[in-house]
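**Student:** Mind folding the following:
(2 chains)
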Amino acid sequence: MRRKKSKRGASAPAVTTVVVMRLYIANNAPNSVRAVANLAAICEEHLKDNFKLEIIDVLEYPLRALADGILVTPSLAKVSPSPAAKIVGNLSDKKSVIHALGISESVD
Amino acid sequence: MKRVTVTATKSAALQPLPKVATGIPGFDELSHGGLPRNRTTLLRGGPGSGKTVFALQSIVNAARRRQEPGIFVAFEESTRQIVANAASFDWRLSALAKHQLFFLDAKLSPEVVQSGEFDLSGMLAMLKAKKDEIGANWIVFDGIDVLLTLLQNPIAEMREIYRIRDWLADNEVNAAIITAKIDGDSSEIVNYGFLQFMVDCVVRFERRLEHGVALHRLQITKYRGSDFVAGEYPVSFGPSGMEVGAPEPAEIRHEASSERVSAGFERLDTMLGGGLFRGSSTLITGVPGTSKTTLAGKFAEAACQRGERTLFVSFDEGAEPIARNLSSVGIQLKPHVKSGLLRMYSARTESIGAEDHLVKLKSLIREHRPRCMVVDPLSAIAKAGGLSAARAVANRLIYMVKDEKVTVVVTAINTVNDPQTEATDLQISRIADTWIHLSYLIRSGERNRALTIIKSRGTWHSNQVRELILTDTGPMLADVYTAGGEVLMGTLRWEKEGEEKAKTIQRRAEYDHKRGELQVAEADTHARIKALQQDLERQRVELAKYSSANEARIVTSSDREKELRRIRSADPAGRAPTRIVPALAKRGASNRSGNSGRKGKKDAHDAP
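**Tutor:** Here you go, the predicted model:
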């Protein structure tokens, strides 16, 4: 399990809340590698430091993933703020990811 | 992506292929043992064709009968839906789901957003972990097409199929089942051809509508390294799940019993040469209203009265109205239902296919264990989805019932009042042992019910057409009156009966009269005989009297002659008596009867 944590940035607008996400990957499977890169880019661009991301390797923690209701890899789960959302795929379609995470308006 | 290993599938081809039974009645016979062990089987078919039930039933059987845990991955339906759907079967699935079966809800919810490609490596890792955890021996991927079409890319599809295949090769299970919605030859899965290639066994399911009733079919289209029964077989769904109408064994092994059971009432038994054989099948045909049900009901009642468990199956008519109608002709079924001896079951024929009716009847027979059974009317199942299916079902029903040594009476409705038309309908008449035909004979402005025994195997039977009458005490066959080569029925018979009765009375009166006359004459004769005897007696006495008087006279006259001679002295004194006495002695010898008296008298006369 790899973890990436960021604290709330001082320059961010007051309305911004921390987005908590979990990304389930299958080790270095091509789609999983791509998903990590794509998500990193999205976060960099839209969330700055206002996010908390947990990356879970399903191959390593399969029963945890099972308990979390994960089916395919890669899968991204938005835990908070509500509403929760789930996105499957390598996150190459950035627009739909941003829309699903509900973060399009959280930044300028 | 991993490399393809083809060697694994070929290595074991020479030995007899090990198989693992599904426990689905009929299928294990068709496939000569079940699914290939440690291999993958593909179930393909359109929606609602029974793939899921087949897969589910297989792992349920494995879990219940052999304590082999299994994993069910549901791509199409939610786990809750599957458990709810299976609740109609007696599998106790929710109990099994707690321990031996694991259901993975692999249905992607519609809220899930898809962004770019994904793969199954994560899911397969999860399944492996779960498999190791519960020690699963069976795995089902139900509705894999749903998942594969989400990939939206033929290359990705192919890749994931390989991935599954490799996973199955690495994680040996007793049997793996993949179901895919493939209707006919078209599928949304681009690589379905490859999917078929990679598995060792393919079973095709089909659901089609015939006359508004859904009929299910199954066919094994591929079985690598094994022979199997080719051809399409009917599939039916009963309380214990799916059942495949596997072909009947070619050899018929029914024990022939020589025990007779009553067909319902004595006269019919007499016509049948003593009743029906135990374990035989009887067909009663006739147009509506010819009292087929009454006859069948009488048979059931007689069976119950003998204390035999009986099953009365009626189609398209409720058990209640049947019992009520039969009680109006003196057939009481309700008390036997109450005592548990008789089980009445009625079903609407259109609601389910003929196959399903058969499964239902099978389970009823297993449950109730009847010795006698009635199906009224069996011809109704022809409505349940096509004649050919119904025909097969009717045949199988009769064979099945015979296997159970149940004496069965089935009825069939003719639409035309001609027994020959039955032969074109369900064709039960060919396999039934006894065939009774009921018809209306219209003569002299009347419809009368007539009963004919068309055939009865292995026994003498009456060839006469008899009139069937319904009375308050049940059906009966009227006495036979023939006139001009025809059996008289209805009014004609009644008239004939009246005529016969009048004749009998007249004959009796005539007889009585004649007898009286003769008795009088006899008494008269006796009286006359007596009178004549008295006459005779009197005459004898008279005769006797007369004879003695006559003799006395003769003696007197001879004495007088002697006296006269003596007085006239015509003869010498010494000679005269010697000449007379021998003459008297001579006369006495010639007439012996009653001489002694007269001799005595003569001596007495002579002595002085």
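**Student:** Return the residues of chain A in contact with chain B.
**Tutor:** A:24-27, A:29, A:31-32, A:34-35, A:38, A:58-59, A:62-63, A:65-66, A:69-75, A:85-94, A:96-97, A:99-100 (C-beta under 8 Å from any C-beta of the partner chain). Just so you know, the C-beta spots here come from the backbone N, C-alpha and C atoms, and that holds for glycine as well.
**Student:** go with 7 Å
**Tutor:** A:24, A:26, A:29, A:31, A:58-59, A:62-63, A:65-66, A:70-74, A:85-93, A:96-97, A:100 (C-beta under 7 Å from any C-beta of the partner chain).
**Student:** so how far is chain B from the residue most central in space within chain A?
**Tutor:** Residue closest to the average C-alpha location in chain A (C-alpha atoms, centre = their mean): A:Met21, at 4.4 Å. Here A:Met21 is placed at a distance of 13 Å from chain B (C-beta to the nearest C-beta, to the nearest Å).
**Student:** if we can go back for a sec, please check the residues of chain A next to chain B and keep the buried ones.
**Tutor:** With burial judged by 16 or more other C-beta atoms under 10 Å in any protein chain shown, the buried subset of those is A:24, A:26, A:29, A:31, A:58-59, A:62, A:65-66, A:70-74, A:85-91, A:93, A:96-97, A:100.
**Student:** Which ones among those lie within strands?
**Tutor:** Among these, DSSP state E puts A:Tyr24, A:Ala85, A:Lys86, A:Ile87, A:Val88 in strands.
**Student:** which residues touch stretch B:97-115?
**Tutor:** A:71, A:85-89, A:91-93, A:96-97, A:100, B:59, B:63, B:69-79, B:82-83, B:130, B:134, B:136, B:150 (C-beta atoms under 7 Å, 6 or more residues apart in numbering or on different chains).
**Student:** Just to be sure, which of those are found in helices?
**Tutor:** Within the contacts of stretch B:97-115, residues falling in helices by DSSP state H are A:Ser96, A:Val97, A:Ala100, B:Ile59, B:Ala63, B:Thr79, B:Ile82, B:Val83, B:Lys130, B:Ile134, B:Leu150.
**Student:** closest to B:Cys372 among those?
**Tutor:** Distance ranking of the ones in helices among the contacts of stretch B:97-115 against B:Cys372, using C-beta to C-beta, places B:Ala63 first at 38.0 Å.
**Student:** how about the residue nearest to the centre of chain A, secondary structure?
**Tutor:** strand (DSSP: H, G, I helix; E, B strand; the rest coil).
**Student:** Bridge partners for it, pull those for me.
**Tutor:** Beta-bridge pairing of A:Met21 under DSSP bridges involves A:Leu53, A:Lys78.
**Student:** Leaving aside the residues adjacent along the chain, what's closest to the one residue in chain B that gets nearest to chain A?
**Tutor:** Nearest residue of chain B to chain A: B:Gly122, at 2.9 Å (C-beta to the nearest C-beta). Leaving aside its sequence neighbours, B:Gly122 sits nearest to A:Thr73 (C-beta to C-beta, 6 or more residues apart in numbering or on different chains; 2.9 Å).
**Student:** Flag the shaky bits of the chain, pLDDT-wise.
**Tutor:** Picking chain A for this. A:1-16, A:104-108 (pLDDT under 70).
**Student:** that's the other chain; I wanted chain B
**Tutor:** B:1-16, B:183-191, B:210-213, B:246-255, B:351, B:383-386, B:415-426, B:482-487, B:570-608.
**Student:** Up against chain A, what does it have?
**Tutor:** So chain B meets chain A at B:106, B:108, B:111-123, B:125-126, B:128-130 (C-beta under 7 Å from any C-beta).
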